[in-house]
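Visitor: Sequence and computational prediction follow.
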Amino acid sequence: MTPDKKIVDFIAYHHVLTLATTDSSGMPYCAACFYAYNKACNRLIFTSDDSTNHAQHMIANNHVACAITRETRVVGKVQGVQICGIAKRGDQADKLFYLRRFPYAVATQLNIWVVEPTFIKLTDNTLGFGKKLIWSNIE
């Protein structure tokens, strides 16, 4: 089951997510990451060095959350998604997909990660105040 087109279009349009992880004691941590969204397999692809806090957290606990928002002061234009999912190492196809979106990254060492969403909630006030669309892959 794929997410609603409005959810897919919103995620595909943007390119920065806030990634939330937790350490072994449950202490939360957030990091901003550039991402590429692969609509075909509903994956958010990003890069992170293994020495970062969030990468170390994902290695120990692959349950993550993400937020992507449209920055606005106009209440009627508020839009954003909250995502829960599983983080894992990306493969060569994910790396190539990421590089198509961010070709300048070819000059750096890339440690590719993906988030496979299990839950997505889009809040979209352009559809009506407080309008929410929810997608879940949890059975």
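Guide: Arrived safely, thanks for sending.
Visitor: Would you state the strands of this protein in chain order?
Guide: Applying DSSP state E to the chain gives strands spanning 16-22, 28-38, 43-47, 63-69, 79-89, 112-124, 132-136.
Visitor: Buried deepest among those strands, which one?
Guide: Mean neighbours per residue, mean count of other C-beta atoms under 10 Å, is largest over the strands of the chain for strand 43-47, with a mean of 23. Glycine gets a C-beta too; all of them are placed from N, C-alpha and C.
Visitor: For that one, C-alpha coordinates in CSV please.
Guide: Taking C-alpha atoms only, strand 43-47 is exported to CSV below (Å, rounded to 0.1, in the frame of the first residue of the first chain):
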residue,chain,number,x,y,z
ARG,A,43,12.2,5.4,1.1
LEU,A,44,14.0,8.5,2.4
ILE,A,45,17.6,8.3,1.5
PHE,A,46,20.3,10.4,3.3
THR,A,47,23.9,10.3,4.2
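Visitor: neighbouring strands for it, and are they parallel or not?
Guide: strand 28-38 (antiparallel), strand 112-124 (antiparallel) (DSSP bridges).
Visitor: TSV for the ones you listed, including distance to residue 10 and mean pLDDT?
Guide: Below are the strands paired with strand 43-47 laid out as TSV (distance: least, C-beta to C-beta, whole Å; pLDDT from 0 to 100):
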stretch	distance to residue 10	mean pLDDT
strand 28-38	10	97
strand 112-124	6	96
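Visitor: Make CSV from the strands of the chain and add distance to residue 6 to it.
Guide: What follows is those, written out as CSV (distance: least, C-beta to C-beta, whole Å):
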stretch, distance to residue 6
strand 16-22, 18
strand 28-38, 14
strand 43-47, 17
strand 63-69, 13
strand 79-89, 9
strand 112-124, 6
strand 132-136, 6
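Visitor: how about the strands paired with strand 43-47 in CSV, adding distance to residue 102?
Guide: Shown next, in CSV, are the strands paired with strand 43-47 (distance: least, C-beta to C-beta, whole Å):
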stretch, distance to residue 102
strand 28-38, 6
strand 112-124, 11
